[in-house]
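Participant: Sequence and predicted structure below; questions after.
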Amino acid sequence: MSVIVVTGTGTGIGKTVVTAALAAAALAGGRSVAVLKPAQTGVAPGEDGDAAVAARLAGAVTSRELARYPEPLAPATAARRAGAAPVTPARVAQAAAGLAACHDLVLVEGAGGLLVHLDDSGATLADAAALLGAPVLAVAPAGLGTLNATALTAEALRTRGVPLLGCVIGSWPQAPDLAARCNLADLPSAAGAPLLGAVPEGAGALEPTAFRAAAAGWLAPQLGGTWEGADFAAAFGPPPATDAPGPQEPVAGDGPAGVDALVLDCGEPAGLARFWGALLGAEAVDRGPDWSCVDPPRGPRVAFQRVPEGKRVKNRLHMDLGTGDVEAAAEAAVRRGARRLGAVVEDAQGRFQVLADPEGNEFCFVSPAPAPGEG
């Protein structure tokens, strides 16, 4: 009997899309597949449930629900409020075994996380997996917080003697932050099991033909795919910590440390570095997906760091750029993507124009007034 129980470390993290990808890869390999959803909650009569969604994306699979409850709650709670019978682990195991008798692979997709109650006795999907003697595949989110939830799921399975097949990231973001990149290495350690794939964000919105063509590329060979963890980590893993510019330690006897770099928080380091490189007459250098910098002919290095939480406010530090022609310099900056913040100002100190770079960081072009006796 070939049964895989698909659970999540939480809800809304991509279990159904991962289930569909597993089914599509198996179908492409010539296997017959059934998708079983023991308890479908939060779906109106006549509306597609998760099993039907998986079948639509994957292709010619058998889809089956054991029970459907209208409110989007844990199965035991939804069944109780609907005045309907709950689904027990024994019923799940019986249905999966029946489907396995006539299919090469049965995928049992849980509701929410592993220990969500199926009935009022406290029975869970883990109990159904134990009755089936089936391994569990954990679907986890990519970002911050996933390591704890994954470790708890793995621990719960170990205490019940249920094998954890591995983890799949349910929605790999188009622009992964530092936490997501680091989690590629840390998730297997938290789970005590291998990372077996990463499904891209938005995969569930693909047309079925496109989904089926791509599905194998999201899953490791153990799951019938072609995804290679080492290649994925090489492409999306974090930059070495030593690449991050930071303060230099003062050398004994040398006095205070000099300013090595001005570091600006930003959303797109590479693009912002190109903008500032053009203004400062320096080459933009990418130090990894989250760091870029420019080394101007004069003054400290200017570095740009992608912040995991996203840029929310403007940087309070701003740079003054000396120039002999404020208007011409400002016009050149605007052509490259800057915007003026007010008009040119002239006072006893000189003339200056305040601008904002493409991410809203303020800077000034300054033409100092001549010193007394200079003109």
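Facilitator: Alright, I've got the coordinates.
Participant: List the buried residues of the helix or strand T77 falls within.
Facilitator: Per DSSP states H and E: T77 is located in helix 75-82. Judged by neighbour count (16 or more other C-beta atoms under 10 Å), helix 75-82 contains these buried residues: 75-80, 82. Heads up, the C-betas are built off the backbone N, CA and C, glycines and all.
Participant: Quick one, grab the pLDDT at P250.
Facilitator: pLDDT, P250: 43.
Participant: For the remainder of this discussion, apply numbering that starts at 54.
Facilitator: In the new count, where the first residue is 54, that last one comes out as P303.
Participant: Touching, A108 and L89? I think so.
Facilitator: No. Counting by C-beta atoms under 8 Å, L89 is not a contact partner of A108; they are 11.3 Å apart.
Participant: In terms of neighbours, single out the busier of the two.
Facilitator: The residue with more neighbours, out of A108 and L89, is L89; 25 against 22, by other C-beta atoms under 10 Å.
Participant: pretty sure the more buried one is touching A150, no?
Facilitator: No. With contact defined as C-beta under 8 Å, L89 does not count as touching A150 (10.4 Å).
Participant: end-to-end on stretch 116-128?
Facilitator: Taking C-alpha to C-alpha, to the nearest Å, stretch 116-128 runs 19 Å from one end to the other.
Participant: Buried ones in the helix-or-strand element of the chain with minimal mean pLDDT, by neighbour count?
Facilitator: The helix or strand of the chain with the lowest confidence, counting by mean pLDDT, DSSP states H and E, is strand 314-319 at a mean of 78. Under the neighbour-count criterion of 16+ other C-beta under 10 Å, strand 314-319 has 314-319 buried.
Participant: What of stretch 82-93?
Facilitator: Of all the residues in stretch 82-93, those buried under the rule 16+ other C-beta under 10 Å are 86-93.
Participant: before we move on, what about stretch 272-280?
Facilitator: Here stretch 272-280 shows 272-273, 276-278, 280 as buried, counting by 16+ other C-beta under 10 Å.
Participant: so where's the stretch 54-203 of the chain uncertain?
Facilitator: Within the stretch 54-203 of the chain, the stretches with pLDDT under 70 are 54.
Participant: And the helices in it?
Facilitator: In the stretch 54-203 of the chain, the helices defined using DSSP state H, counting those that start in this stretch lie at 68-81, 103-111, 128-135, 142-153, 178-185, 199-212.
Participant: What's the separation between S345 and A326?
Facilitator: Note on S345: its distance to A326, by C-beta to C-beta, to the nearest Å, is 4 Å.
Participant: Quick check: neighbours shared by the two?
Facilitator: 337-339, 357 (C-beta atoms under 8 Å, 6 or more residues apart in numbering).
Participant: tell me the secondary structure for W280?
Facilitator: coil (DSSP: H, G, I helix; E, B strand; the rest coil).
Participant: I'd assumed A273 was in contact with it.
Facilitator: Yes. Contact criterion C-beta under 8 Å: W280 and A273 qualify, at 5.1 Å.
Participant: Not counting sequence-adjacent ones, nearest residue to R327?
Facilitator: A337 (4.7 Å; C-beta to C-beta, 6 or more residues apart in numbering).
Participant: Look up which residues are beta-bridged to the one you found.
Facilitator: On the basis of DSSP bridges, A337 is bridged to V347.
Participant: who's in contact with it?
Facilitator: The neighbourhood of A337, defined by C-beta under 8 Å, 6+ apart, consists of 323, 326-327, 329-330, 345-347.
Participant: picking that back up, quick check: which of the helices of the stretch 54-203 of the chain has the most neighbours on average?
Facilitator: Mean neighbour count (mean count of other C-beta atoms under 10 Å) peaks for helix 68-81 among the helices of the stretch 54-203 of the chain, with a mean of 27.
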